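In: could you look at this predicted model? Sequence included:
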2 protein chains.
Amino acid sequence: MAAAAPPPPPSPTPAVISEDLLPTGYNVFSRIRLATIVDVPHIHKLIHQMAVFERLTHLFSATESSLSSTLFPENSPPPFTSFTVFLLEVSQTPFPLIDQYYPNFSPIHKTVNLDLPITDPQAETFRSCGNDVEVAGFVLFFPNYSSFLAKPGFYIEDIFVRECYRRKGFGKMLLSAVAAQAAKMGYGRVEWVVLDWNVNAIKFYEEMGAQIMQEWRVCRLTGDALQAFANINI
Amino acid sequence: MAAAAPPPPPSPTPAVISEDLLPTGYNVFSRIRLATIVDVPHIHKLIHQMAVFERLTHLFSATESSLSSTLFPENSPPPFTSFTVFLLEVSQTPFPLIDQYYPNFSPIHKTVNLDLPITDPQAETFRSCGNDVEVAGFVLFFPNYSSFLAKPGFYIEDIFVRECYRRKGFGKMLLSAVAAQAAKMGYGRVEWVVLDWNVNAIKFYEEMGAQIMQEWRVCRLTGDALQAFANINI
């Protein structure tokens, strides 16, 4: 159990104190990196948790094997040219700074200062490449295309942060990482969908600069209705 | 000017006559094939016509050059693994049957019988690889991904048929071609968006088996709001 830190000695000048120097709080070190095939067991569990959260487990049929073969096929294309996963990891100790390099991406590090420590009841299940590192969330995205701009963009299919890590800025960090990557690559747009009744999410996205396209509706052809096209005489 | 066909001689038996045998009408031969870089001038004009139709020319900034470099980059990935364009061509004479082969796609041919011939005021502008062939429309699509299914799908960004070719089944033919390709490849979904006030389009899509996802709203981060992420300290 962590003891409360003693109050700091009175400052000789009542200057603004940098947040970094505050003697209270708990540091959580976080890192966003590109996932690889060895992360599939964690990705599978995260997607399942997302299905539980969205009460859509009846639509969940992904397996570790099907995720491996579709997200990380043999002769995988370079990151960002097809389906891409950023993993969010957290640790109580700093991450090594040089740990993964691609021509156009290097991991993002951020230290978050919290009033209370995080207790992760599934720390063992989500332990990742290190004694003290846990997977806390992910974002899955892939290129899309705007023909008016004649530019690629990114479409975010999933963004998910495990329950005990929510409301600490990690969702914003994952979304920002995708937006930053798109901007750096000269891409035109980042798009995703939100449920119309999720007013908190809509407010959060609007504060990040997103427009909500109120008039558009997603159309989906799936299941038997899609299979019916396999052998039709067009 | 086409002369009216003479009436058929009286049939000895008043049997049901197959539609194929009706002596009246005009045959239009149509073909859906994969576009290549040489088709970019036509694709550019089609996208511009779409922008005019949608009253969104202020958002149109594509050039032939930017379309070429983004849709058909050097070392283009195989068809269907990235941005893909199907072109719809029409002719008054049959297309050759063997004209383009890829491992998992060969062109789709359909003969449409119409009561009246089509007059194409832009036939010269849209003339394509043959004296008698015009580009009539296109569909631009690319892979998307369902993490619940652990399967790719297709997202249709644009589907467009030039004005004089509308209401003749060509839009359905283009959409069916993408759906058929998805089904043949074992993909899980085909998705696109529609404007909520476009009730005719919604009815058409529902009749093709699509669900309209009423609760979902598209979020878009673009322009300055996206560029702001290029240099942020996440």
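Out: Looks like it came in fine.
In: give me the mean pLDDT for the strand ranked longest in chain A.
Out: In chain A, with assignment by DSSP state E, the single longest strand is strand A:133-146. For strand A:133-146, mean pLDDT is 98.
In: only alpha carbons, please: show it as PDB.
Out: What follows is strand A:133-146 as a C-alpha-only set of coordinates in PDB (Å, rounded to 0.1, in the frame of the first residue of the first chain):
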ATOM      1  CA  VAL A 133       4.700  -5.000 -19.200                       C
ATOM      2  CA  GLU A 134       1.000  -5.500 -19.800                       C
ATOM      3  CA  VAL A 135      -1.100  -5.000 -23.000                       C
ATOM      4  CA  ALA A 136      -3.700  -2.400 -22.200                       C
ATOM      5  CA  GLY A 137      -5.400  -1.800 -25.500                       C
ATOM      6  CA  PHE A 138      -5.200  -1.700 -29.300                       C
ATOM      7  CA  VAL A 139      -6.300   0.000 -32.400                       C
ATOM      8  CA  LEU A 140      -6.800  -1.800 -35.700                       C
ATOM      9  CA  PHE A 141      -6.800   0.200 -38.900                       C
ATOM     10  CA  PHE A 142      -6.100   0.000 -42.600                       C
ATOM     11  CA  PRO A 143      -5.900   2.200 -45.700                       C
ATOM     12  CA  ASN A 144      -9.000   3.700 -47.300                       C
ATOM     13  CA  TYR A 145      -9.200   6.100 -50.200                       C
ATOM     14  CA  SER A 146     -10.800   9.400 -51.200                       C
END
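In: next secondary structure after it?
Out: Downstream of strand A:133-146, the next assigned helix or strand under DSSP states H and E is strand A:151-161.
In: packing partners for that following strand?
Out: On a contact count with 3 or more C-beta pairs under 8 Å, 6 or more residues apart in numbering or on different chains; DSSP states H and E, strand A:151-161 meets helix A:40-53, strand A:133-146, helix A:170-184, strand A:189-195, helix B:64-71, strand B:133-146. The C-beta positions use only the backbone N, C-alpha and C, and glycine is treated the same way.
In: ok, 10 Å please
Out: The helices and strands touching strand A:151-161, judged by 3 or more C-beta pairs under 10 Å, 6 or more residues apart in numbering or on different chains; DSSP states H and E, are helix A:40-53, strand A:84-91, strand A:133-146, helix A:170-184, strand A:189-195, helix B:64-71, strand B:133-146, strand B:216-222.
In: tell me the buried residues in that strand?
Out: By 16 or more other C-beta atoms under 10 Å in any protein chain shown, the buried positions in strand A:151-161 come out as A:Lys151, A:Pro152, A:Gly153, A:Phe154, A:Tyr155, A:Ile156, A:Glu157, A:Asp158, A:Ile159, A:Phe160, A:Val161.
In: take those and write them to JSON lines, including distance to B:Asn27.
Out: Shown next, in JSON lines, are the buried residues of strand A:151-161 (distance: C-beta to C-beta, whole Å):
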{"residue": "A:Lys151", "distance to B:Asn27": "40"}
{"residue": "A:Pro152", "distance to B:Asn27": "40"}
{"residue": "A:Gly153", "distance to B:Asn27": "41"}
{"residue": "A:Phe154", "distance to B:Asn27": "45"}
{"residue": "A:Tyr155", "distance to B:Asn27": "41"}
{"residue": "A:Ile156", "distance to B:Asn27": "47"}
{"residue": "A:Glu157", "distance to B:Asn27": "44"}
{"residue": "A:Asp158", "distance to B:Asn27": "48"}
{"residue": "A:Ile159", "distance to B:Asn27": "51"}
{"residue": "A:Phe160", "distance to B:Asn27": "54"}
{"residue": "A:Val161", "distance to B:Asn27": "59"}
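In: using JSON lines, lay out the helices and strands packed on strand A:151-161 together with mean neighbour count and distance to B:His48.
Out: Formatted as JSON lines, the helices and strands packed on strand A:151-161 follow (neighbours: other C-beta atoms under 10 Å in any protein chain shown; distance: least, C-beta to C-beta, whole Å):
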{"stretch": "helix A:40-53", "mean neighbour count": "18", "distance to B:His48": "40"}
{"stretch": "strand A:84-91", "mean neighbour count": "23", "distance to B:His48": "31"}
{"stretch": "strand A:133-146", "mean neighbour count": "24", "distance to B:His48": "14"}
{"stretch": "helix A:170-184", "mean neighbour count": "21", "distance to B:His48": "25"}
{"stretch": "strand A:189-195", "mean neighbour count": "20", "distance to B:His48": "19"}
{"stretch": "helix B:64-71", "mean neighbour count": "17", "distance to B:His48": "11"}
{"stretch": "strand B:133-146", "mean neighbour count": "24", "distance to B:His48": "12"}
{"stretch": "strand B:216-222", "mean neighbour count": "21", "distance to B:His48": "20"}
